[in-house]
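Asks: Give me the fold of what follows.
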Amino acid sequence: MGQVIRKDVGGAVTTFTYTTTGKLLRATAPGVSLTIERDATGRALSETLNDRTTTYEYDAVGRRTSRTTPTGATSSFAYDAAGRRTALTTAGRTFAFEYDAAGRELARHIGGTVTLANTFDSQGRLALQSVTADGRPVQQRAYTYRPDGHLVALDDQLNGASRFGLDTTGRVTTVDATDWSERYAYDQAGNLTQAEWPASHPGHEATGRRTYANTCITGAGRVRYEHDAAGRITLRQKIRLSRKPDTWRYTWDAEDRLASVTTPDGTVWQYQYDPLDRRISKQRLAADHASVVEQTDFTWDGETLCEQTTTAVALPLPVTSQGPSDCGGGIVAVGEVHDSDGERADGSLALEGPQAVGCVHDADLCEQPRDPLECAGHLRPWLLLGFWRQ
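Replies: Numbers count the residues shown, from 1 in each chain. Modelled structure (predicted):
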């Protein structure tokens, strides 16, 4: 069938085993074992990565009805006759979904308190997005497009109006907001060559001219970059006026995956991957660069991150978050799981037993989280970023 059964990269051997119909059953790599249990139709019933197992259940027509992650967090799903997801229950909260005749999501309701509503224009583009809590307006965004579909205006109830100037190809050249502006320029190849934004905004050291070696960026304002022969960034350095530069160093493995990062204070982070090239953990090393003082384990649902758990010397208990894979566009859910008694790392009691949704993020057109929204309908503070720095 032409499927890979063995891979040897610099002596690191990965093997793959399949069903008679070609579906993956097992994969092994140095220090990693992945096993997938399937039913007679080939659907995944469980996926075990080393000692962490995720399980799945389905209805009579093959739609997934539940997923349980390694920490025991269960998500349940319901559908309408057209196969559209109408409800998701996770971490003690229920998300309910409404659609129009074209299958576009018109509204989602969170725990009976918060509602995200969408309005579309005649071209099917998102025109208005609003968030209410118990009927009380919380946030609203209106989008305006030019005839070719490029966004030219955003009116945000909380952050004010933004107007986007575009060149003939649709690239953003100006952003004019309520009390700030940004400017961008490009070369004929489409590379960003100049960027300006207010000094009060994050990352101001990167404003100014951009320089390149072939297609690799070498400088952005007071930030410089170095690359290896494969074009991967190996050094990022912020030039300081009154002290030595802040320097980040990056190493890569033979399969083009980020292997480690050394931060300006000398801290080393290293990364591990499964045979499907999904990042399964990151580790912060102690000063001896050998012992691990913090580790985050990642759990995947296909190619989507669905859970992460952090353990650290400085944390009395593991801290786990779920999401955003179950919610789709518009709102990103964030949940927390602690010990079996539902205690948080600070000793306070979780909202509903061992699982509790802490907040959700109302997302923009690019699915970037925007406004952290507690399930009770209260917005949390959020850092306002610029166009190219979101």
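Asks: just for the stretch 201-350 of the chain, where's the confidence low?
Replies: Residue ranges of the stretch 201-350 of the chain with pLDDT under 70: 323-350.
Asks: show me where the protein has helices.
Replies: Applying DSSP state H to the chain gives no helices.
Asks: Please identify the residue most distant from the middle of it.
Replies: Relative to the centre of the chain, the most outlying C-alpha is that of residue 242, 35.6 Å out, by Cα atoms, centre = their mean.
Asks: if I pick it, what's in contact with it?
Replies: If you count contacts by Cβ atoms under 8 Å, 6 or more residues apart in numbering, residue 242 has none. No exception for glycine: its C-beta is placed from N, CA and C like everyone else's.
Asks: For stretch 106-116, C-alpha coordinates in CSV please.
Replies: Presented in CSV, the C-alpha positions along stretch 106-116 are these (Å, rounded to 0.1, in the frame of the first residue of the first chain):
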residue,chain,number,x,y,z
LEU,A,106,-25.6,31.8,14.3
ALA,A,107,-25.1,31.4,18.0
ARG,A,108,-23.5,29.4,20.7
HIS,A,109,-24.7,29.4,24.3
ILE,A,110,-22.3,28.6,27.2
GLY,A,111,-23.8,27.3,30.4
GLY,A,112,-27.1,29.1,29.9
THR,A,113,-25.4,32.4,30.7
VAL,A,114,-23.1,33.5,27.9
THR,A,115,-24.1,33.8,24.2
LEU,A,116,-21.9,34.4,21.2
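Asks: Report the buried residues of it.
Replies: The neighbour-count check on stretch 106-116 (16 or more other Cβ atoms under 10 Å) flags 107, 108, 109, 110, 111, 113, 114, 115, 116 as buried.
Asks: Kindly report the same for stretch 241-254.
Replies: Of the residues in stretch 241-254, those buried (16+ other Cβ under 10 Å) are 249, 250.
Asks: That stretch: end-to-end distance?
Replies: Chord length of stretch 241-254, first to last residue, is 37 Å (Cα to Cα, to the nearest Å).
Asks: chain center to it: distance?
Replies: 24 Å (Cα atoms, centre = their mean, to the nearest Å).
Asks: Please apply the same query to stretch 240-248.
Replies: On Cα atoms, centre = their mean, the centre of stretch 240-248 falls 30 Å from that of its chain.
Asks: Return the residues in contact with residue 59.
Replies: Listed by Cβ under 8 Å, 6+ apart, the contact set of residue 59 reads 65, 79.
Asks: count of residues packed around residue 58?
Replies: Neighbour count of residue 58, defined by other Cβ atoms under 10 Å: 16.
Asks: For it, list the residues it contacts.
Replies: Neighbours of residue 58 in contact, by Cβ under 8 Å, 6+ apart: 43, 64, 65.
Asks: try residue 195
Replies: 182, 183, 184, 185, 206, 207, 208, 210, 220, 221, 388.
Asks: how close does the closest residue to the first one other than its chain neighbours get to residue 219?
Replies: The spatially closest residue to residue 182, leaving aside those adjacent along the chain, is residue 175, at 4.0 Å (Cβ to Cβ, 6 or more residues apart in numbering). From residue 175 over to residue 219 the distance is 22 Å, taken as Cβ to Cβ, to the nearest Å.
Asks: Tell me the spacing between the residue farthest from the centre of the chain and residue 293.
Replies: Computed as Cβ to Cβ, the residue 242 to residue 293 distance reads 31 Å.
Asks: Next: residue 228.
Replies: Taken as Cβ to Cβ, the span from residue 228 to residue 293 is 28 Å.
Asks: that older thread, just give me the closest of the buried residues of stretch 106-116 to residue 135.
Replies: residue 115 (8.5 Å; Cβ to Cβ).
Asks: Does that closest one touch residue 136 like I think?
Replies: No - counting by Cβ atoms under 8 Å, residue 115 stays clear of residue 136, with 10.4 Å between them.
Asks: Point out where the stretch 51-200 of the chain drops to low pLDDT.
Replies: In the stretch 51-200 of the chain (pLDDT under 70), no residue qualifies.
Asks: now with 90?
Replies: 90-93, 111-113, 159 (pLDDT under 90).
Asks: just the strands in it please.
Replies: 52-58, 64-68, 74-79, 85-90, 93-99, 105-110, 114-120, 126-133, 136-145, 151-156, 160-166, 172-177, 181-186, 192-196 (DSSP state E, counting those that start in this stretch).
Asks: what do you get for the stretch 201-350 of the chain?
Replies: 208-213, 216-220, 223-227, 233-238, 246-252, 258-262, 268-273, 279-285, 292-301, 304-312, 319-322, 331-337.
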